[in-house]
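Chemist: sequence and computational prediction follow.
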Amino acid sequence: MPLLPTTLLTTALLPGTLALALAAPPTSRHTWPLPPPHQVVRTFEAPTTPFGPGHRGADLAAPAGTPVLATADATVVYAGAVAARTLVSLQHPAGLRTTYEPVAPTVTAGHKVRQGDVIGHLQAGHCPTTPCLHWGARKADTYLDPLRLVSTGRVRLLPLPPSPPKTPATPPRGG
């Protein structure tokens, strides 16, 4: 299970995300939009009002040029420039829309994609110190935490391997 340590780490480090995760389990299974490792550099922060401040997605660090992958089967609804950035927007079944930016698209609007298909390549420019993918999700007008798409929010404790037997301490020789 290669995603288990990342999922546990992400869940352990993001208590707000854990609370959200426990409140609303995902309706479908998505995969990460970037190949491993999955380094979250900024988490989702829900706005308190529709136009209020917040961070309507999660930022994932990766080198520029990294392939960006469709997280689930979808239809490309937009691929191109918006103001000074380029992005790809995917419409998934049941009304979920995901966005990926800044991305040099390899797909066009109307294109059907399957989970894991390359939809573009990461460009520098979103995060100030390192390239990162801003990954967003929304249903209708409600922004959702995209990390919930790849984690159930359940924490599982795994048994540790048996410890080697301890050797008794030998008192120091002295004089």
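Modeler: Here it is on my side, so go on.

Chemist: from residue 133, how far out is the residue most central in space within the chain?
Modeler: The central residue of the chain, meaning the one whose C-alpha is nearest the mean C-alpha position (Cα atoms, centre = their mean), is residue 147 at 4.5 Å. Relative to residue 133, residue 147 is positioned 12 Å away (criterion: Cβ to Cβ, to the nearest Å). (Glycine included, C-beta is placed from N, CA and C.)

Chemist: now residue 144
Modeler: 16 Å.

Chemist: next one: residue 40
Modeler: Applying Cβ to Cβ to residue 40 and residue 133 gives a distance of 10 Å.

Chemist: wait, what's in contact with residue 73?
Modeler: Neighbouring residues of residue 73 by Cβ atoms under 8 Å, 6 or more residues apart in numbering: 92, 93, 112, 113, 114, 115.

Chemist: can you check residue 68 too?
Modeler: Residues in contact with residue 68, defined by Cβ under 8 Å, 6+ apart, are 33, 34, 88, 100, 103, 118, 119, 120, 121, 122, 133.

Chemist: buried among those residues? Need that as a selection in PyMOL.
Modeler: In PyMOL, this line selects whichever of those come out buried by 16 or more other Cβ atoms under 10 Å:
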select buried, resi 33+34+88+100+103+119+120+122+133
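
Chemist: just the contacts of residue 68: which are in strands?
Modeler: 88, 100, 103, 118, 119, 120, 121, 122, 133 (DSSP state E).

Chemist: one step back: helix/strand/coil for the residue nearest to the centre of the chain?
Modeler: Under the three-state scheme (DSSP: H, G, I helix; E, B strand; the rest coil), the conformation of residue 147 reads as helix.

Chemist: once you drop chain neighbours, what's closest to it?
Modeler: Leaving out its chain neighbours, the residue that sits closest to residue 147 by Cβ to Cβ, 6 or more residues apart in numbering is residue 58, at 5.3 Å.

Chemist: hey, what's the one you found bridged with?
Modeler: Judged by DSSP bridges, the bridge partners of residue 58 are residue 135.
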